[in-house]
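In: sequence and predicted structure, then a few things I'm wondering about:
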Amino acid sequence: MPDFVGAVDQGTTSTRFMIFDHDGNEVARHQLEHTQYLPRPGWVEHDPTEIWERTNVVIQTAIRNAGITAADLAAIGITNQRETTVVWDPRNGRPYGNAIVWQDTRTDSIAKALERDGHGDLIRQRAGLPPATYFSGGKIKWILENVDGVREAAEAGNAVFGTTDSWVLWNLTGGPNGGIHATDVTNASRTMLMDLETLDWDDELLGVFGIPRAMLPKINPSSHPEAFGKTRASRPTSTEVPIAGVLGDQQAATVGQVCFTPGEAKNTYGTGNFLLLNTGTEAVRSEHGLITTVAYKFGDAPAVYALEGSIAVTGSAVQWLRDQLHVITNAAESERLARTVDGSDGIYFVPAFSGLFAPYWRSDARGAIVGLARFHNDGHLARATLESMCYQSRDVVEAMEQDSGVHLDVLKVDGGVTANDLCMQTQADILGVPVSRPVVAETTALGAAYAAGLAVGFWQDTDELRAHWHESKRWEPQWSDEQRAHGYTGWKKAVERTLDWVEVE
């Protein structure tokens, strides 16, 4: 058995390849950002060809940095930004335009029409999701209706859909020359098109959206030794390597945080925040604005489900400070700037750039900074930006406790933002529970590696994976109950100011 497992982590702002050893330790990585296209207000796009090219480069570079060859990899896993939608021509691999990113809100009118026409309850019951701009089904429908020639091509078998895992997988396994068109249950569960019980595409939902079934990838388990094929020796490895695991990024982080027992939860801090609670083999329906999703499915074992609170803008709010306002030059500087003041001193930043996701689901909301006085400066804005991540996470935790009855004793956290000590301390203060970061904070890639390694026998079982989890740092709450209640009351008032800001057809 080779000594390492690799993972492609195709995220919203960058693509990386990470290599792990048998103890789950990082051996090497390489990461490249890709361009964010913002052609109109509310529109967010990526170039699929750029993403595939960057995937090639990061795999080759990480292998070289590790001083190994592709033959030293037992398997490769793929994890990805989930709902981002790519439609391409399988004859030549050319996309029919840019990918529509999960943050994109151009499908507002489609989501509203689904609700208005009485399809909302069907989608909630069958797919576990509310009709929203977030998910892939509306994006496919928009492409079919608005990009010339795509519907005709789809009906002729010359236009296929995939989230970015499918796009990367198809290219890695040969592209036009026999590439595998597949996805896994976690990504399929984010489309509004999969039945949560049967784990297959639902013909009634496909009819509601007007999507030809032939466009869609085959749905596989998240971990399987053969279902996803092998890399072609020229794409981009020098030898064939099994691709044995595929997981949407937040489900991959759940696996990386070894949340294998019902009641265990993790929160990932990336472009957005995503809090998942393992509910076991039962799909729990939310009554408080959360999503019912598939957490993972390992081989022939039953699927494991989760409740999820999805927050659209957290880390990308820091990116906004950097790229649009130019008040910082890199993400790490946000902590230094925020530490120049003792607190946000009454200002709140609600970064509803793409509306509000869980638990509100309000596409009519837009970003707002409230409570400003002339006294406030860029340090207060940086502090309020960090607090906005933490308050949005508290909104989700409150909803999760109402749905599940589970009160968190500790919040496991991961993702790039967890390197910000001030933000993590603030999260503990706002929640009133300890916050725990593992040694390997990039658990998204680790979870994809775990899924792939389990499939090929590199790791024997989930108990072995649990033994690899170690805490790196813990933050204990420091705020008083009064301070915590006062801050959250102000946050709820600020959220109210963002609602009903844009007209939705």
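Out: Thanks, I have it. Numbers count the residues shown, from 1 in each chain.

In: can you map out the helices along the stretch 151-300 of the chain?
Out: Applying DSSP state H, counting those that start in this stretch to the stretch 151-300 of the chain gives helices spanning 164-172, 185-188, 203-209, 249-256.

In: relative to helix 249-256, how tilted is the first one?
Out: Right, helix 164-172. Helix 164-172 runs at 90 degrees relative to helix 249-256, counting by axes from the mean of the first three to the mean of the last three C-alpha atoms, to 10 degrees.

In: export helix 164-172 as PDB, just CAs?
Out: What follows is helix 164-172, C-alpha atoms only, in PDB (Å, rounded to 0.1, in the frame of the first residue of the first chain):
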ATOM      1  CA  THR A 164     -17.500  21.500  -9.500                       C
ATOM      2  CA  ASP A 165     -16.700  18.000  -8.100                       C
ATOM      3  CA  SER A 166     -18.200  16.500 -11.300                       C
ATOM      4  CA  TRP A 167     -16.400  19.000 -13.500                       C
ATOM      5  CA  VAL A 168     -13.000  18.200 -11.900                       C
ATOM      6  CA  LEU A 169     -13.700  14.400 -11.800                       C
ATOM      7  CA  TRP A 170     -14.700  14.300 -15.500                       C
ATOM      8  CA  ASN A 171     -11.600  16.100 -16.500                       C
ATOM      9  CA  LEU A 172      -9.300  14.100 -14.200                       C
END
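
In: show me what that helix is packed against.
Out: strand 4-10, helix 48-66, strand 73-80, strand 86-89, strand 182-184, strand 243-248 (3 or more C-beta pairs under 8 Å, 6 or more residues apart in numbering; DSSP states H and E). C-betas here are computed from N, CA, C, even on glycine.

In: for it, give me every contacting residue.
Out: For helix 164-172, contacts defined as C-beta atoms under 8 Å, 6 or more residues apart in numbering pick out 8, 10, 48, 51-52, 55, 76, 78-81, 84, 86, 88, 90, 93, 99, 162, 179-184, 187, 217, 228-229, 231-232, 235-236, 243, 246, 248.

In: again, only this time at 7 Å
Out: 8, 10, 48, 51-52, 55, 78, 80-81, 84, 86, 93, 162, 179-183, 187, 217, 228, 231, 235, 243, 246 (C-beta atoms under 7 Å, 6 or more residues apart in numbering).

In: can you check stretch 482-496 too?
Out: With C-beta under 7 Å, 6+ apart, stretch 482-496 has contacts from 348, 350, 368, 370, 391, 394, 429, 430, 432.

In: among the residues you listed, which ones are in helices?
Out: Members of the contacts of stretch 482-496 lying in helices (criterion: DSSP state H): 391, 394, 429, 430.

In: can you tell me the SS state at the closest residue to the third one other than its chain neighbours?
Out: I take that to be residue 429. Distances taken as C-beta to C-beta, 6 or more residues apart in numbering place residue 479 nearest to residue 429, at 4.0 Å, with adjacent residues excluded. Following DSSP: H, G, I helix; E, B strand; the rest coil, residue 479 is assigned to coil.

In: got a pLDDT number for residue 479?
Out: Note for residue 479: predicted pLDDT of 96.

In: give the contact list for the closest residue to residue 386 other than its chain neighbours.
Out: Sequence neighbours aside, residue 423 is the residue nearest to residue 386 in space, at 4.5 Å (criterion: C-beta to C-beta, 6+ apart). Contact analysis of residue 423 by C-beta under 7 Å, 6+ apart lists 386, 389, 390, 417.

In: can you pick out the most distant pair from those residues?
Out: Farthest apart among these by C-beta to C-beta are 390 and 417. That separation is 10.2 Å.

In: residue contacts, the residue lying closest to residue 329 once chain neighbours are set aside?
Out: Closest residue to residue 329 apart from its sequence neighbours, by C-beta to C-beta, 6+ apart: residue 322 at 6.7 Å. Counting by C-beta under 7 Å, 6+ apart, residue 322 touches 328, 329, 330, 331.

In: how far away is the second one from residue 376?
Out: In this structure, residue 329 and residue 376 are 21 Å apart, going by C-beta to C-beta, to the nearest Å.

In: again, but for the third one
Out: Taking C-beta to C-beta as the measure, residue 330 and residue 376 are separated by 23 Å.

In: looking at the two, which is more packed in?
Out: Using other C-beta atoms under 10 Å, the more surrounded residue of residue 330 and residue 376 is residue 376, with 18 against 9.

In: my guess is that one contacts residue 347, does it?
Out: Yes. Counting by C-beta atoms under 7 Å, residue 376 touches residue 347, with 5.6 Å between them.

In: any weak-confidence spans in this structure?
Out: Residues of the chain that meet the criterion pLDDT under 70 lie in 504-505.

In: redo that, cut-off 80
Out: Residue ranges of the chain with pLDDT under 80: 1, 233-235, 441, 503-505.
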